[in-house]
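Visitor: Predicted model, plus sequence, below.
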Amino acid sequence: MGHFRTAALSLSVAFAALSATAIESHAAGLQVSPILVELPPGNRASTITLNNSSTDEINAQIRVFKWVQFNGADQLVPTRDVVASPPAAKIPGHGTNVIRIVRLSKAPVASEETYRLKIDEVPKLAHVRQAGVTFAISYSLPVFFTPAGQTPALAWTATVSKGVLKLEAMNTGGRRARIANLKIANGVKSAIIAPGLAGYVLSQSKKDWLIKGGSKIAKPGDTIKIVATSEAGPFEATAHVEAAN
């Protein structure tokens, strides 16, 4: 997977459905629906709707990236396997525009394929000149092409090094696992890793969480309890803590 290292684009802030880069607002009104796209077996195309709640016309750029996890971290890789049409759109004031998302291959999906649809508002030059700064909204939407009958299968491990506890989830199943409300406990102490969305563990991939000061909760030889919520509901798991090599 070395080619991912050079081509990949880092994805920040745990893939929040909406991320906004802003210094000063200028009638920002770009909204997207739905904020997650999942296509069942046999479906190669879907649509999303861009809505403009402002009076000004909005220009948007639409791009698709392959979503992978490399060395426990989320990354985005340029792809031609799935396309957005059109790749750029104008949304009139108080208007809408529909974007198609199409998987080009006609081959059946063997295990879940994961992508990110990036929708970026393109600030108008006139606004930048007037204010010197502008408000640019950027959406990063998960797109899943999911085969029938697949489920996630998570295995958890934990290591400690220099006071940092690394919690790792490996998913050997054919479907992603959405992890939320993640916390760990050793029977006496506990720590909240993420009170909301902690991230996804993609199919045939692993994801890491680094807990600074985690060595105060768990040391090599301990067994910790992992408590979280997935799309299937609340769950608990355990991990034996090892010393990092």
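Guide: Happy to help now that I have it.

Visitor: What residues are bridge-paired with the residue nearest to Val77 when sequence neighbours are not counted?
Guide: The spatial neighbour of Val77 that comes closest, neighbours along the chain excluded (CB to CB, 6 or more residues apart in numbering), is Lys66 at 4.3 Å. Bear in mind the C-beta positions are built from the backbone N, C-alpha and C, glycine included. On the basis of DSSP bridges, Lys66 is bridged to Val77, Tyr115.

Visitor: again with Leu167
Guide: Assessed by DSSP bridges, Leu167 has beta-bridge partners Ala158, Trp209.

Visitor: Check the gap between the residue nearest to Val77 and Thr47 for me.
Guide: As defined by CB to CB, to the nearest Å, Lys66 lies at a distance of 20 Å from Thr47.

Visitor: same deal with Pro40?
Guide: 15 Å.

Visitor: now Val122
Guide: 21 Å.

Visitor: any idea whether Pro152 is helix, strand or coil?
Guide: When the structure is split into helix, strand and coil by DSSP: H, G, I helix; E, B strand; the rest coil, Pro152 lands in coil.

Visitor: how far away is it from His240?
Guide: Applying CB to CB, the value for Pro152 to His240 is 21 Å.

Visitor: More neighbours: which of these two?
Guide: When Pro152 and His240 are compared for neighbours, Pro152 comes out ahead with 22 against 14, by other CB atoms under 10 Å.

Visitor: looking at this, Ile192 is in a helix?
Guide: No - with three-state DSSP as the criterion, Ile192 is assigned strand and is not in a helix.

Visitor: So it sits against Lys183, correct?
Guide: Yes - Ile192 lies in contact with Lys183 (CB atoms under 8 Å); the separation is 4.6 Å.

Visitor: Kindly tell me how buried the residue nearest to Val77 is, as a neighbour count.
Guide: Neighbours of Lys66 (other CB under 10 Å): 19.

Visitor: Domain ranges for the protein, per the record?
Guide: 2-145, 154-243 (automatic domain parsing).

Visitor: lowest-confidence stretch among those?
Guide: Ranked by mean pLDDT, the domains of the chain end with domain 2-145 at the bottom, a mean of 82.

Visitor: what about Ile192 and Lys183, which has more around it?
Guide: For the pair Ile192 and Lys183, the greater number of neighbours falls to Lys183 (15 against 12), based on other CB under 10 Å.

Visitor: Now do the contacts for that one.
Guide: Residues near Lys183 by CB atoms under 8 Å, 6 or more residues apart in numbering: Ser190, Ala191, Ile192, Ile193, Ile226, Val227, Ala228.
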